[in-house]
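In: Quick check, what structure comes out for this input:
(one chain, ligands or ions: 2)
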Amino acid sequence: MKSGKILLIAALVLGISALHYGTQLTEHHYHIFYREIYFLPIILAGFWFGLRGAVCTSLAISAAYLPFIVRHWQGFSPDDFSKVMEIALYNIVALILGMLKDRETAEHQRALESESLAAMGKAVSGVAHDMKTPLIAIGGFSRLVQKNLPRDDPSHAKLDVVIGETRRLENMVRDMLSFSKPLQLNCTQGDIGRVLEQSLAVVEERAGEKEVKVKTDLSPELPAVLIDPCRIEQVFVNLLMNAIQASPEGETVTVTGRLQGDEVAIEFIDRGCGVPEDVGGKIYDPFFTTKKEGTGLGLAIVKKIVQAHQGTLEFTNNQAGAGATFRVVLPRC
Ligand SMILES: Nc1ncnc2c1ncn2[C@@H]1O[C@H](COP(=O)(O)OP(=O)(O)OP(=O)(O)O)[C@@H](O)[C@H]1O
Ligand SMILES: [Mg+2]
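Out: Ligands and ions are numbered 1, 2, ... in the order given. Below is the predicted model of the structure:
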């Protein structure tokens, strides 16, 4: 299909050029007609392949038509001028058409994405909601039964597993609900350092289990930022957890905070393997995970919260394969 379209465009360009070169110069009307129908392959390429396709076609036409102009040059006569103008016009039309087409394609893509996200959110919220009540019952009753069992009872350890797994599912349900619900921010003038401290307390146990140290390096001039502290804590906890999970035992995760003009940039730098190239485009997709026990909602939630704060989230792999850096940038106020 795609190669058929390319062939048709190429055939049109070659065919029209052949007509130009094969027709006597005295047949003026024919030449004017051929010149105008050069627009046909440009328009087709723009519609089918966007900016790149349109510009490639207009450049090919320019290259094919230019020798004809040079060969019949009459010392910049009005006819020469109109030919040169026509070449400029091919390229301008290709640029404008291609840019408009690319913009329309991107908007269409965004609309599709948000439609599918909304549908996914609805389904997820239904499932999470139905799971919530039975999970509370399972967790609660298991704890109750365990409390009444002597410590040396073999069922005590088995109930530990049930309680642990229920807690994991409860966290998953909480993530699913916060992913699917519309965000309602309660913004106040918050101190990034304090929120970070609270987030560190949440991940402390996990970091300790893995013997990963977390070092903070916040600039003393960090100003107060208009944030929803609970939501930003969720962002920091998710990014810290990812960094800790990615780090080999004994390594250090570094968190830096800097003021950059009107923005505050917080970086989470780990010394893991970095994000593999084939995975990079998908890490923000809901439910995308490469971990055995991951839900794949962490970064989707982080992105949603950061964007709701008018901030940006991006990642880069550190030099020489030494881990990844996730960077959250929040506007100052
Ligand atoms: N610091 C990191 N280094 C390397 N890869 C990472 C890092 N952070 C995220 N990733 C990749 O991005 C994927 C998605 O991350 P995300 O936080 O959304 O989900 P998850 O951590 O797999 O599960 P969970 O829902 O429990 O957070 C991860 O599975 C991992 O492949
Ligand atoms: Mg995660």
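In: Now look at the top helix by length along the chain and say if it contacts ligand 1.
Out: If you go by DSSP state H, the chain has its longest helix at helix 78-147. No. Helix 78-147 lies apart from ligand 1 when judged by C-beta under 6 Å from any ligand atom; the minimum separation is 12.4 Å. From N, CA and C alone the C-beta is placed, and that goes for glycine too.
In: Can you give the distance from that helix to the centre of its chain?
Out: 10 Å (C-alpha atoms, centre = their mean, to the nearest Å).
In: Show me what it packs onto, helices and strands only.
Out: Packed against helix 78-147 by the contact rule (3 or more C-beta pairs under 8 Å, 6 or more residues apart in numbering; DSSP states H and E) you find helix 39-71, helix 154-180.
In: okay, the angle between that helix and helix 154-180?
Out: Angle between the axes of helix 78-147 and helix 154-180 is 150 degrees (criterion: axes from the mean of the first three to the mean of the last three C-alpha atoms, to 10 degrees).
In: what mean pLDDT does helix 78-147 have?
Out: Averaged over helix 78-147, pLDDT sits at 90.
In: right, and residue 331 touches residue 259 too?
Out: No. Assessed by C-beta atoms under 8 Å, residue 331 is found out of contact with residue 259, at 11.6 Å.
In: Report the rounded mean pLDDT for the helix or strand containing residue 258.
Out: In this assignment (DSSP states H and E), residue 258 forms part of strand 252-260. Averaging pLDDT along strand 252-260 yields 94.
In: Neighbours of residue 257, how many?
Out: As a burial measure, residue 257 scores 19 neighbours (other C-beta atoms under 10 Å).
In: excluding its backbone neighbours, what's nearest it?
Out: Sequence neighbours aside, residue 218 is the residue nearest to residue 257 in space, at 3.9 Å (criterion: C-beta to C-beta, 6 or more residues apart in numbering).
In: isn't residue 172 right next to residue 295, touching?
Out: Yes. In this structure residue 172 lies within contact range of residue 295 using C-beta under 8 Å: 5.0 Å.
In: who's more crowded, the two?
Out: Using other C-beta under 10 Å as the criterion, residue 172 and residue 295 rank with residue 295 on top: 20 against 17.
In: Contacts only, for the residue nearest to residue 275 when sequence neighbours are not counted.
Out: Sequence neighbours aside, residue 324 is the residue nearest to residue 275 in space, at 5.2 Å (criterion: C-beta to C-beta, 6+ apart). With contacts defined as C-beta atoms under 8 Å, 6 or more residues apart in numbering, residue 324 is in contact with 243, 246, 269-270, 272, 274-275, 315-318.
In: 6 Å instead, please
Out: Going by C-beta atoms under 6 Å, 6 or more residues apart in numbering, residue 324 touches 270, 274-275, 315, 317.
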